[in-house]
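>>> Output the structure for:
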Amino acid sequence: MQSQDVAPRPAPASGPVVDVEQAEAALVEHYPRLVRLAYLVLPPSLGRNRRVLTAHALTQRALPRGRTSAAVIPAQPTGRDGDPGYAFVRLQVLRSALEAGLPLRRPAWPKRSQLPPLLPQVWGLRLFPRSGGADELALDQRLSALSGPARAAYVLRGLEQLADTDVRKALDAAGVEDPEAALTESAEVTPQNDLLLSPEFDPCSLHARPTDLMRRRQHLKAALAATAAVAVCGALLGLPGDGWGPDGAAAPSYAQNPAAEAALDPGKLAKVAATAWQSSARTDFSVWPARGNLTGDRALLRRALAVWARPGESVQVSATPGTPSGAPPGPPQLLFAGDVDQARVVLLYDGLRIARYAEPKDGTSGAALDFARVDGATGAEAAAVVLDRVDGNVRYLTAPWVRKAAARDLLKASSAPLDLGLSADGVTGPLASPAQQTGDCRSWRALQLTDNSGTRLMSDLGELTPAHLTTGRPTAPHEVSGAQALQTWSPFACSLAAVRSGGVRSVNAWQFAQQPLPDASGSAAWVCTRADTWRGGGPRVLAQFHTPGGLYGAVAAKAENSPACGSRDPHVLAGVLWKSGTGSWYLLAAGSKDTASVSATGGVHGSAEGSLLAVRTEQGTQAALKGTLADGRSITGLR
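Model prediction:
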């Protein structure tokens, strides 16, 4: 139970889960700082040019391949504290920079970070930061005399402003054997935090000079000869339909499994006729036609299928929780293949999952493969799939029965929706995605879809399929289409951020009580929002409290894996400490309408007949709630 003005609950002690998009947002926002950190930790013996390129390469490789846990280490003050995405990518950069400084050993294979970076590369130029003064040069020399872990400790203390305890945690998470010794050694260099921010150590602000021109000419002649030899060998060895070429970013295949090979044959993909949905009683993905301008591009489809079966190391793979990411059991159904913004995108469906393959238009480097579980999806749940995300915007492919797509700001219930438009293939215009917004929640733009049966509201939560938003009693939820339903959702839209990237199928908002406030302070609304997932388990339930004049609702209680507020158990009881305008504190509690009585024990004692309770108390008091339903069954308050 929390106070109102209700403060957020502290984060759990275990490491938070970080997904690819959250890590990418942190990396892009703090890229110059992360590259500077890598540059300072890398050994100066690499030389300034290679040190610059390596710092950029290590930072760009810091993204996870899927959802992962971040270490419980403070991110940083001023804009980064509490950001698990930044804490994760910083740890990855630190770990790889330390590995890059390790000496190569003959019996062992070198680590990737110990080798010269493949990307980025600048041909014909040497790049190095702007030169500083005598103080910067002296500090660089002193840092070069330190070991890699000690240099990392110095940078974490000076550049990242971490306390010694947190520096030890970061070094330990990065694999340093003796963090204490690294801290002790780093203390031999006088702290000069301002110098670490000097242009001398900024690998994003660079000078360029040519390499050795005569040697470059000789190397070019040798390279041309070698290229000709490779081309001849390739022509002799290459056979149609085999080898790594047709499979793009897929890993090499060594097994010859007829069933698996059949699933990778573009010619065996299921393609539904454009009008099949019109005569079908089903409203799911199985009746979606194959759309897009590249449905006949066999090479693209072959690459998509091959990457699905065996993604290569360079492929970024993500999956919603509870979604298997293995190869398709047989030839899947093609939903879309076409150009979207600056990418080629393929959407496939195997009856259980949607798989999205995307590659740049200029090659297969940087290909991505995303999975979402959609078993049992029908109606609104099968109405849209994410095609592309660019610059904070998202485009959807809509079901063939959708006639209109619009954007609606949930925080502004009375505002008119903004038409997004639909292409002939059912692709929407770009919509600003709330799943990628950071900072204060000042808007929450949802996708509004209209077909012959009515209007439905969906919200992007960072996954392939948007979550279906509903309102009303859990046993009979209805669409968010009327003014009253939109008004119910308005104060609680920002709470959707709490269930991003959780495999959410639908979210229902139910106003279960209206409570008169003490001291003639008006009336407050109690709303329960329940997010159900595709995997069945793991729903999140939030009881929220909204006072008159407040823009947002406050989370009073929450629960994981609870049947409360759901179709199987449409009951809820929650409480909050609230401060009135006169400065008095009260324990307020409310249950659903079939609650016959409510009582409080612990730091507050009180009871009331009916579903509402208000007891005067003191700030910081803790209490336990218990309710009795009309049928005699007892329920406890959400915590």
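>>> where along the stretch 101-250 of the chain do the strands fall?
In the stretch 101-250 of the chain, the segments counted as strands under DSSP state E, counting those that start in this stretch are 125-129, 206-210.
>>> Show me what the first one packs onto, helices and strands only.
This means strand 125-129. helix 48-60, strand 206-210 (3 or more C-beta pairs under 8 Å, 6 or more residues apart in numbering; DSSP states H and E). Heads up, the C-betas are built off the backbone N, CA and C, glycines and all.
>>> To Glu618, which of these lies closest?
The closest of those to Glu618 is helix 48-60. By C-beta to C-beta, the value is 50.6 Å.
>>> Which other helices and strands does the closest one contact?
If contacts are counted by 3+ C-beta pairs under 8 Å, 6+ apart, helix 48-60 sits against helix 31-41, helix 84-100, strand 125-129.
>>> which stretch of helix or strand covers Ala299?
Using DSSP states H and E, Ala299 sits within helix 298-309.
>>> What residues of that helix count as buried?
For helix 298-309, a neighbour-count test (16 or more other C-beta atoms under 10 Å) marks 300-309 as buried.
>>> before we move on, the earlier item: for Leu91, find the nearest of the strands of the stretch 101-250 of the chain.
Closest of those to Leu91 is strand 125-129, at 24.2 Å (criterion: C-beta to C-beta).
>>> Give me the contact list for the closest one.
When contacts are defined by C-beta atoms under 8 Å, 6 or more residues apart in numbering, strand 125-129 is touched by residues 39, 48-49, 52-53, 199-203, 205-211.
>>> let's go with 10 Å and repeat that
Residues outside strand 125-129 that contact it (C-beta atoms under 10 Å, 6 or more residues apart in numbering): 36, 39, 47-53, 56, 120, 136, 198-212.
>>> What's the PyMOL syntax to select whichever of these are buried?
Selection of buried members from the contacts of strand 125-129 for PyMOL, criterion 16+ other C-beta under 10 Å:
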select buried, resi 36+39+48+49+50+51+52+53+56+136+198+200+201+202+203+206
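>>> Show me where the stretch 401-550 of the chain has its strands.
With DSSP E, counting those that start in this stretch as the criterion, the stretch 401-550 of the chain has strands at 404-409, 418-419, 431-432, 445-451, 454-459, 467-471, 478-479, 504-516, 523-533, 540-546.
>>> mind giving me JSON lines with these and columns for mean pLDDT and mean neighbour count?
What follows is those, written out as JSON lines (pLDDT from 0 to 100; neighbours: other C-beta atoms under 10 Å):
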{"stretch": "strand 404-409", "mean pLDDT": "96", "mean neighbour count": "20"}
{"stretch": "strand 418-419", "mean pLDDT": "95", "mean neighbour count": "13"}
{"stretch": "strand 431-432", "mean pLDDT": "92", "mean neighbour count": "18"}
{"stretch": "strand 445-451", "mean pLDDT": "96", "mean neighbour count": "22"}
{"stretch": "strand 454-459", "mean pLDDT": "95", "mean neighbour count": "20"}
{"stretch": "strand 467-471", "mean pLDDT": "96", "mean neighbour count": "25"}
{"stretch": "strand 478-479", "mean pLDDT": "94", "mean neighbour count": "15"}
{"stretch": "strand 504-516", "mean pLDDT": "95", "mean neighbour count": "21"}
{"stretch": "strand 523-533", "mean pLDDT": "94", "mean neighbour count": "23"}
{"stretch": "strand 540-546", "mean pLDDT": "93", "mean neighbour count": "24"}
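>>> on that earlier part again, just send the strands of the stretch 101-250 of the chain back as a markdown table, with mean pLDDT and distance to Ala343 too.
Putting these into a markdown table (pLDDT from 0 to 100; distance: least, C-beta to C-beta, whole Å) gives the following:
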| stretch | mean pLDDT | distance to Ala343 |
| --- | --- | --- |
| strand 125-129 | 73 | 29 |
| strand 206-210 | 71 | 29 |
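>>> Can I get the ones you listed in TSV including distance to Ala163?
Output for the strands of the stretch 101-250 of the chain, formatted as TSV (distance: least, C-beta to C-beta, whole Å):
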stretch	distance to Ala163
strand 125-129	29
strand 206-210	33
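>>> nearest to Gly462, of these?
Nearest to Gly462 among the strands of the stretch 101-250 of the chain is strand 206-210 (34.4 Å), distances taken as C-beta to C-beta.
>>> Kindly calculate the angle that that closest one makes with helix 48-60.
130 degrees (axes from the mean of the first three to the mean of the last three C-alpha atoms, to 10 degrees).
>>> orientation of strand 206-210 relative to strand 125-129 in degrees?
150 degrees.
>>> name the helices or strands packed onto strand 206-210?
helix 48-60, strand 125-129 (3 or more C-beta pairs under 10 Å, 6 or more residues apart in numbering; DSSP states H and E).
>>> just how off-centre is it within its chain?
Put simply, strand 206-210 sits 37 Å off its chain's centre (C-alpha atoms, centre = their mean, to the nearest Å).
>>> got it, and stretch 29-41?
22 Å.
>>> same question, stretch 140-156
When C-alpha coordinates are averaged (C-alpha atoms, centre = their mean), stretch 140-156 and its chain have centres 33 Å apart.
>>> Quick one: end-to-end length of that stretch, please.
16 Å (C-alpha to C-alpha, to the nearest Å).
>>> what is the rounded mean pLDDT of it?
In this model, stretch 140-156 carries a mean pLDDT of 91.
>>> Kindly report the same for stretch 87-101.
90.
>>> Please apply the same query to stretch 378-386.
Here the average pLDDT along stretch 378-386 is 96.
>>> Okay, now that stretch: how far is its last residue from its first?
End-to-end distance for stretch 378-386, by C-alpha to C-alpha: 16 Å.
>>> cool, and stretch 407-419?
By C-alpha to C-alpha, one end of stretch 407-419 lies 6 Å from the other end.
>>> now it, how far from the chain's geometric center?
With C-alpha atoms, centre = their mean, you get 25 Å for stretch 407-419.
>>> With stretch 418-427 instead?
Here stretch 418-427 is found 26 Å from its chain centre; the criterion is C-alpha atoms, centre = their mean.
>>> List the buried residues for it?
420, 422, 425-427.
>>> Let me know the closest of those residues to Ala319.
Val427 (23.6 Å).
>>> Take the strands of the stretch 401-550 of the chain and write them to CSV, including distance to Asn293.
Shown next, in CSV, are the strands of the stretch 401-550 of the chain (distance: least, C-beta to C-beta, whole Å):
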stretch, distance to Asn293
strand 404-409, 20
strand 418-419, 23
strand 431-432, 22
strand 445-451, 23
strand 454-459, 25
strand 467-471, 29
strand 478-479, 33
strand 504-516, 31
strand 523-533, 34
strand 540-546, 40
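>>> So which of these is nearest Pro324?
strand 523-533 (15.0 Å).
>>> Can you give me every residue that contacts Ser423?
By C-beta under 10 Å, 6+ apart, the neighbours of Ser423 are 291, 338, 395, 397-398, 429.
>>> and those, which of them are in helices?
Among the contacts of Ser423, no member is found in helices (DSSP state H).
>>> Now the buried members of the residues you listed.
Buried among the contacts of Ser423 (16+ other C-beta under 10 Å): 291, 338, 395, 397-398, 429.
>>> Return the closest of those residues with respect to Arg568.
Of the buried ones among the contacts of Ser423, the one sitting nearest to Arg568 (C-beta to C-beta) turns out to be Thr398, at 31.5 Å.
>>> Thanks again, I'm all set now.
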